[in-house]
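Engineer: Model the following, please.
(chains A and B)
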Protein chains: 2
Amino acid sequence: MYNIVLANSALELIPNEIKNKIRRAKIYKYDILDSNYHYKAMKNLKDREMRGRPDIVHISLLNILDSPINHEKKLNIYVHTYDDKVLTIDPNTRLPRNYFRFLGVIEKVLKGERNPLIKMEEKTLEDLLNDINAKNIALMSKTGQLVKPSHLKNFDTFLIGGFPYGSLVVNEDKITGELKDISIYDKGLMAWTVCGIVCYALSF
Amino acid sequence: MYNIVLANSALELIPNEIKNKIRRAKIYKYDILDSNYHYKAMKNLKDREMRGRPDIVHISLLNILDSPINHEKKLNIYVHTYDDKVLTIDPNTRLPRNYFRFLGVIEKVLKGERNPLIKMEEKTLEDLLNDINAKNIALMSKTGQLVKPSHLKNFDTFLIGGFPYGSLVVNEDKITGELKDISIYDKGLMAWTVCGIVCYALSF
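Structural biologist: Model (predicted):
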């Protein structure tokens, strides 16, 4: 079994401090922050460049869930969010392909409604890594040690930043496993691409 | 250089024969057929199970465009549609991540408006294959000869069905290249997954 973790993902409910700035668009009726629709309201939001990109989570999960290694039931799939929620995604989840339907499902989960396939808890990334007993952790980053994809099988856990810009930081003092910075390509890649490459490397 | 072709893709303008059945939804203002919004109107449409899934093209292109092999400028990217249009996608295209914005761009292209990065022509799949001088063509299918992804580098052209169900049929009498049915996994995979696996196999 492998663990794949989308970390610090740009997926959250609209934060209280900008709620009053948001005029609900006709076509966007969700309480999930999306920089495509809330660009102006996010102007002064802390870390705004790392937030409000639920599409990254959507496409990454579509890639992960349809990968052969997931069809073989050898993946545990987690989405950790910017505001320290953790979604545990059942490998059998048939995620809506339509983006808005995806938001509809996820909005309910983030608001605490029960979903048989997606469980939500409040948890830090470090606590998650300890709880799932992550031992050899690959933190996927552009600047890490460059390895061939076939090398990835040496790890049991993969951390992939679920946000568009910036670096993923893990407090290593708070985790029991060993963490290495690993790169598969010397240029930046989107989260969904890294998810794909990791999953396919584990599949074959 | 490699050619990657999304073939018979479920991307088209709303066909004339069902135009009168479609009530424009408030949130969906595009003239592109999408089974998520036009389900009822498509009920008696020919081949309806293979049509109206532009999301498949969107996610497949996001995977292809961000793949290392495309960043290295070694891919020619084509989308052939159900109604025999061919979109030639410049490798530098920054495709909108938002689904509706993607539809906005593609709608204009399908209607004949000029786009500097996406060229549209009326053309059959067979003519496309001949025009791009495809010699060793891998038709990716669940039932083809099972090969390891590393074997894919023996081909110069990859055909991937850009639709949800059904088989991709090519008239071999009309093409000059050699075509083989190739499989990388014995279960069905989504088009975007096959695109990912092909591109990553060519990348490393």
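Engineer: Can you give me every residue that contacts A:Asp90?
Structural biologist: Contacts for A:Asp90 (CB atoms under 8 Å, 6 or more residues apart in numbering or on different chains) come out as A:116-118. (C-beta placed from N, C-alpha, C; glycine too.)
Engineer: Can you tell me which of those is nearest chain B?
Structural biologist: Using CB to the nearest CB, A:Leu117 is the member of these that lies nearest chain B, at 18.1 Å.
Engineer: can you tell me how far A:Ile32 sits from A:Pro54?
Structural biologist: As judged by CB to CB, to the nearest Å, A:Ile32 and A:Pro54 stand 6 Å apart.
Engineer: Of these two, which one has the most company?
Structural biologist: A:Pro54 (26 against 20; other CB atoms under 10 Å in any protein chain shown).
Engineer: Can you tell me the SS state at the closest residue to that one other than its chain neighbours?
Structural biologist: When the adjacent residues along the chain are set aside, A:Pro54 lies closest to A:Leu11, with 4.8 Å between them (CB to CB, 6 or more residues apart in numbering or on different chains). Under DSSP: H, G, I helix; E, B strand; the rest coil, A:Leu11 falls in the coil class.
Engineer: A:Tyr82 versus the residue lying closest to A:Glu17 once chain neighbours are set aside, what's the distance?
Structural biologist: Distance criterion CB to CB, 6+ apart; nearest residue to A:Glu17, sequence neighbours excluded, is A:Leu45 at 7.3 Å. Distance of A:Leu45 to A:Tyr82, given as CB to CB: 11 Å.
Engineer: Find residues that contact each of those two.
Structural biologist: Residues within reach of A:Leu45 and of A:Tyr82 at once, by CB under 8 Å, 6+ apart, are A:Arg51.
Engineer: These two: which is more packed in?
Structural biologist: Neighbours were counted for A:Leu45 and for A:Tyr82 using other CB under 10 Å; A:Tyr82 has more, 21 against 17.
Engineer: Which strand in chain A has the most residues?
Structural biologist: Counting residues, the longest strand found in chain A (DSSP state E) is strand A:136-146.
Engineer: pLDDT value on A:Ile27, please?
Structural biologist: At A:Ile27, the predicted lDDT confidence score is 83.
Engineer: ok, it touching B:Asn98?
Structural biologist: No: the pair A:Ile27 / B:Asn98 is not scored as a contact, 10.8 Å apart, by CB atoms under 8 Å.
Engineer: Comparing those two, which residue is more hemmed in?
Structural biologist: The neighbour comparison of A:Ile27 against B:Asn98 (other CB under 10 Å) goes to B:Asn98, with 16 against 13.
Engineer: wait, what's in contact with the more buried one?
Structural biologist: Residues near B:Asn98 by CB under 8 Å, 6+ apart: A:36, A:55, A:99.
Engineer: Could you check how far the second one is from chain B?
Structural biologist: Spelled out, that is A:Asp55. To chain B, A:Asp55 is 5 Å away according to CB to the nearest CB, to the nearest Å.
Engineer: burial measure for the closest residue to that residue other than its chain neighbours, as a count.
Structural biologist: In this structure, A:Asp55 finds its nearest non-sequential neighbour in B:Arg97, 5.0 Å apart by CB to CB, 6+ apart. Residues within reach of B:Arg97, counting by other CB under 10 Å, total 19.
Engineer: now do A:Arg101
Structural biologist: For A:Arg101, using other CB under 10 Å, the count is 13.
Engineer: mind checking the SS state of it?
Structural biologist: Assignment for A:Arg101 (three-state DSSP): helix.
Engineer: Isn't it up against B:Ile27?
Structural biologist: No: counting by CB under 8 Å, A:Arg101 stays clear of B:Ile27, with 11.4 Å between them.
Engineer: give the contact list for A:Tyr78.
Structural biologist: A:Tyr78 makes contact with A:3-6, A:86-89, A:128, A:132, according to CB under 8 Å, 6+ apart.
Engineer: Could you tell me which of those residues belong to helices?
Structural biologist: Residues of the contacts of A:Tyr78 located in helices (DSSP state H): A:Leu128.
Engineer: Could you check which helix or strand contains A:Ile77?
Structural biologist: strand A:75-81 (DSSP states H and E).
Engineer: before we move on, back to that, show the pLDDT at the residue nearest to A:Asp55.
Structural biologist: B:Arg97 is assigned 96 on the pLDDT scale.
Engineer: which SS state does it fall under?
Structural biologist: coil.
Engineer: What strands line up against the longest strand of chain A, and which way round?
Structural biologist: If you go by DSSP bridges, strand A:136-146 pairs up with strand A:157-161 (parallel), strand A:178-183 (parallel).
Engineer: so of these, which one's packed in deepest?
Structural biologist: When those are scored by mean count of other CB atoms under 10 Å in any protein chain shown, the highest mean neighbour count falls to strand A:157-161 (a mean of 25).
Engineer: mean confidence score for it?
Structural biologist: Here strand A:157-161 scores 98 as its mean pLDDT.
Engineer: Just want the angle from that strand to strand A:75-81.
Structural biologist: 30 degrees (axes from the mean of the first three to the mean of the last three CA atoms, to 10 degrees).
Engineer: residues making contact with strand A:157-161?
Structural biologist: Contacts with strand A:157-161, where a contact means CB under 8 Å, 6+ apart, come from A:2-8, A:60, A:125, A:129, A:132, A:134-141, A:152, A:167-168, A:170, A:177, A:179, A:191, A:194-195, A:198.
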